[in-house]
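Enquirer: Sequence plus predicted model, see below.
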Amino acid sequence: MRRKVIAGNWKMNMLPNEAIEYIQEFESLVKDTKNEVILCVPYTDLFYVLNCAQGTNIKIGSQNMHWEEKGAYTGEVSGEMLKSIGVQYVIIGHSERRQYFAETDETVNRKIKSAFANELNPIVCVGETLEEREAGKTVEIITNQTRLALEGLSENQVKNTIIAYEPIWAIGTGKTATSEDANHSIREIRQEIEKNYGKDVAEEVIIQYGGSVKSTNAKELFLMSDIDGGLVGGASLKPEEFAKIVNFE
Ligand code: PGA
């Protein structure tokens, strides 16, 4: 049985004092969960949140990283830097980064490799636009994104990659994919992994659903056969609401 992994993505929200208050409240609400809990926070919150979450079951991630270790890349943060302060996870290839910051399948792949080189676990986002969906291209898009993201990784690295299937039309819109629909897309992603890395790897990979997950729809989604938890944006900004999602059953 795969574990359930629930990750919050705060995006560009929360000042350090708000982040600290959040963790203080959230910690006791999720301390008894058997699910894995991750919070992916802005760079400026990382240090505070890591300190505050020490000794709890809350794991901390960033929302991006650069693929180079160091050098003349003004404004960027490397995997080595994240690792050095105790970060364990990193979101890579979120659709907002692909859309607004020109990330490509190639840069996503380089970042994933650099994440592993620095002992960070990547949470890799894939998903189709509404246009692509309406053109009947969902499966083609998400399986291609998955294949290209994972290219050149070892079986063990693929096993330790978390994939988040996030249909772009469902992100921040209040529209959620139906649980059957999300499960179907996720099964396609798993089959693509099976094709390239074998059944054992495919059965182990955690694949989340993301896109307008809330406490009212989390249970239905997360209990589907292939959905191993979620990547949660808006609803992760309130500790009580996010705790309900983490404690969905
Ligand atoms: P949302 O965002 O939950 O606000 O739709 C999800 C995400 O972008 O990861």
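Expert: Yes, it's here.

Enquirer: The residue of the chain at minimum distance from the ligand and Ala135: what is the separation?
Expert: When distances are taken as CB to the nearest ligand atom, the chain reaches nearest to the ligand at Gly233, 2.3 Å away. For the C-beta atoms, the positions are set from N, CA and C on the backbone; glycine is no exception. Relative to Ala135, Gly233 is positioned 25 Å away (CB to CB, to the nearest Å).

Enquirer: Where in this protein is the helix or strand with the lowest mean pLDDT?
Expert: helix 130-134 (a mean of 94; mean pLDDT, DSSP states H and E).

Enquirer: Downstream of that helix, the next helix or strand is which one?
Expert: helix 138-150 (DSSP states H and E).

Enquirer: Quick one: mean pLDDT for that next one?
Expert: Averaged over helix 138-150, pLDDT sits at 98.

Enquirer: Now tell me what touches it from outside.
Expert: 92-93, 105-106, 108-109, 112, 124, 126-128, 132, 158, 161, 163, 165, 167, 185, 188-189, 191-193, 196-197 (CB atoms under 8 Å, 6 or more residues apart in numbering).

Enquirer: how about a cut-off of 6 Å?
Expert: Asp105, Val108, Asn109, Val124, Val126, Glu128, Glu132, Val158, Glu188, Ile189, Glu192 (CB atoms under 6 Å, 6 or more residues apart in numbering).

Enquirer: is it possible to export those residues to CSV including neighbour count, secondary structure and distance to Ile142?
Expert: Converted to CSV, these look like this (neighbours: other CB atoms under 10 Å; DSSP: H, G, I helix; E, B strand; the rest coil; distance: CB to CB, whole Å):
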residue, neighbour count, secondary structure, distance to Ile142
Asp105, 17, helix, 12
Val108, 25, helix, 13
Asn109, 21, helix, 16
Val124, 23, strand, 11
Val126, 27, strand, 5
Glu128, 23, coil, 6
Glu132, 17, helix, 9
Val158, 21, helix, 16
Glu188, 18, helix, 7
Ile189, 22, helix, 6
Glu192, 21, helix, 8
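
Enquirer: Can you say which two of the residues you listed are spatially most distant?
Expert: Maximum pairwise distance among these (CB to CB): 24.5 Å, between Glu132 and Val158.
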